[in-house]
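1. just need the structure, nothing else, for what follows:
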Amino acid sequence: MDRLLVVALGGNAFARKGEGLSSQWRSVRIAAEAVAGLVEKGYRVVVTHGNGPQVGALLEWMYRASRSPGEPLSMDVAVAMTQGWLGYMLQQAIGNALEERGRPRRVAALVTQVLVSRSDPAFREPSKPIGPYYARDEAERLARETGWVFRPDPRGGYRRVVPSPRPASVVELEAVRTLLEAGYVVIAAGGGGVPVVRSRAWLHGVEAVVDKDYASSLLAQALGAQALLILTDVPYVYRNYGRPGQKPLERLTASEARRLLEEGEFPPGSMGPKVEAAVEFVEARARAGCMDCYAAIGRLEDAALVAEGERGTRILPG
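-> Predicted coordinates for the structure are as follows:
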């Protein structure tokens, strides 16, 4: 079997609640060591990453600094900028980790677009959290000043929410394949990819942020990956998360996970997209005949153990 992994790194794993963005280098180096370790074990690796805290912070910085309020930074350009920001950090750190292991520095970060539908209902119902956490009064003040929409976050505080349409295809898929075949670790679909729509032969960006978990699942399916690893800032998927009787889930079949999703066990703005993306990957690969394919969700620091099935929540066909 082709030992190809798509490793999705959560934006919140890079910039934790209550920490500054300078803490990203520490988390990036942890991620880089994990990726280099997987390469050393014979895996081919595609790395994707979230950008929720970073893209929101960038939009806020530009808003505060702008002298032309009528011309704000568009979200598609902000996503592309954060792809470069985090792609550079990952590319450098993974390359360093590979060289330390005596391996060639073959890492490439690819600015990636994803095609979305103009008619996606997400454009009418903002739901994707981005940016830092705010106290209620600060969120209310920014909402009045900017028209931004804020919602309570499961981790506490308030965060801005924006439209998050489902990705339909990865525009640069063949470029990812070509780089993989040349022996590169590929960093792609950063922040879920830059959201674009098609007008005849033209593509152009739209005001949205695509969920990186859905984009990672779609990319992993299209590449025929063996596994999708979703690494975040919690060690497991839990039942009754944050409530009495909280219980880590170590193994789930796709059908069990889908049932829990339908019962509302996993919040839509937090763990829900991760579990749904994992289930969609496992189900699609099983339909393609890969009964050894799996998805796993766990903590960034535990990446190697998550890949080996010793930590995190593993979702299997069935």
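
2. what's around the closest residue to residue 252 other than its chain neighbours, how many residues?
-> Spatial nearest neighbour of residue 252, chain neighbours left out: residue 315 (5.1 Å); criterion: Cβ to Cβ, 6 or more residues apart in numbering. Heads up, the C-betas are built off the backbone N, CA and C, glycines and all. By the measure other Cβ atoms under 10 Å, the count of residues near residue 315 is 26.

3. pretty sure residue 315 contacts residue 255?
-> No: judged on Cβ atoms under 8 Å, residue 315 makes no contact with residue 255 at a distance of 10.1 Å.

4. where does pLDDT dip in this protein?
-> In the predicted model of the chain, residues 1, 12-22, 66-71, 269 satisfy pLDDT under 70.

5. list the buried residues in the longest helix along it.
-> In terms of residue count, the longest helix belonging to the chain (DSSP state H) is helix 75-100. Buried residues in helix 75-100, counted by 16 or more other Cβ atoms under 10 Å: 75-76, 78-83, 85-87, 89-98.

6. could you do stretch 165-179 as well?
-> Neighbour-count burial for stretch 165-179 [16+ other Cβ under 10 Å]: 165, 167, 170, 171, 172, 173, 175, 176, 179.

7. gap between the second one and residue 304?
-> Relative to residue 304, residue 167 is positioned 28 Å away (Cβ to Cβ, to the nearest Å).

8. next: the first one.
-> From residue 165 across to residue 304, the span is 34 Å (Cβ to Cβ).

9. also the fourth one?
-> As judged by Cβ to Cβ, residue 171 and residue 304 stand 32 Å apart.

10. picking up where we left off before, dump the residue contacts of the residue nearest to residue 252.
-> Counting by Cβ atoms under 8 Å, 6 or more residues apart in numbering, residue 315 touches 252, 253, 254, 257, 275, 278, 279, 282, 294, 295, 296, 297.

11. which SS class is the first one?
-> Going back to what we said before, that points to residue 252. Following DSSP: H, G, I helix; E, B strand; the rest coil, residue 252 is assigned to strand.

12. need the phi and psi values for the closest residue to residue 220 other than its chain neighbours.
-> Excluding the flanking residues, the one nearest residue 220 by Cβ to Cβ, 6+ apart is residue 6, at 3.8 Å. When read as degrees, to the nearest 10, the backbone of residue 6 gives phi -100, psi 120.

13. residue 228 is in contact with residue 6, correct?
-> Yes: counting by Cβ under 8 Å, residue 228 is a contact partner of residue 6 at 5.1 Å.

14. which two in the contacts of residue 315 are spaced the farthest apart?
-> 253 and 297 (14.4 Å; Cβ to Cβ).

15. quick one: which of the two has more around it?
-> residue 297 (29 against 14).

16. show residues contacting the strand or helix carrying the more buried one.
-> Element membership for residue 297, per DSSP states H and E: strand 294-299. Residues outside strand 294-299 that contact it (Cβ under 8 Å, 6+ apart): 13, 217, 226-237, 271, 274-275, 277-279, 281-282, 305-307, 309, 311-317.

17. that older thread, which one of the contacts of residue 315 is nearest residue 39?
-> Each of those was scored against residue 39 by Cβ to Cβ, and residue 296 proved nearest at 17.6 Å.

18. beta partners for the closest one?
-> Counting by DSSP bridges, residue 296 forms beta bridges with residue 229, residue 314.

19. from residue 46, how far off is it?
-> For residue 296 relative to residue 46 (Cβ to Cβ), the value is 15 Å.

20. what do you get for residue 272?
-> 23 Å.

21. with neighbour numbers in mind, choose between the two.
-> Using other Cβ under 10 Å, the more surrounded residue of residue 272 and residue 46 is residue 46, with 27 against 17.

22. the helix or strand hosting the more buried one: which residues count as buried?
-> Using DSSP H and E, residue 46 sits within strand 44-49. For strand 44-49, the buried set under the neighbour-count rule, 16+ other Cβ under 10 Å, comprises 44, 45, 46, 47, 48, 49.

23. ok, the third one - contacts?
-> The neighbours of residue 46, taking Cβ under 8 Å, 6+ apart as the test, are 4-7, 176, 180, 185-188, 219-220, 223, 225.

24. got it, and residue 135?
-> Applying Cβ under 8 Å, 6+ apart, we find residue 135 in contact with 157, 158.

25. now the helix or strand encompassing residue 61: buried residues?
-> Secondary structure from DSSP H and E places residue 61 in helix 52-65. Within helix 52-65, the residues scored as buried using 16+ other Cβ under 10 Å are 52, 53, 54, 55, 56, 57, 58, 59, 60.

26. ok, the fourth one touching residue 82?
-> If I follow you right, that is residue 55. Yes: using Cβ under 8 Å, residue 55 makes contact with residue 82 at a distance of 4.9 Å.

27. what sits in contact with each of these two?
-> With Cβ under 8 Å, 6+ apart as the test, residue 55 and residue 82 both reach residue 191.

28. contacts only, for residue 81.
-> By Cβ under 8 Å, 6+ apart, the residues touching residue 81 are residue 58.
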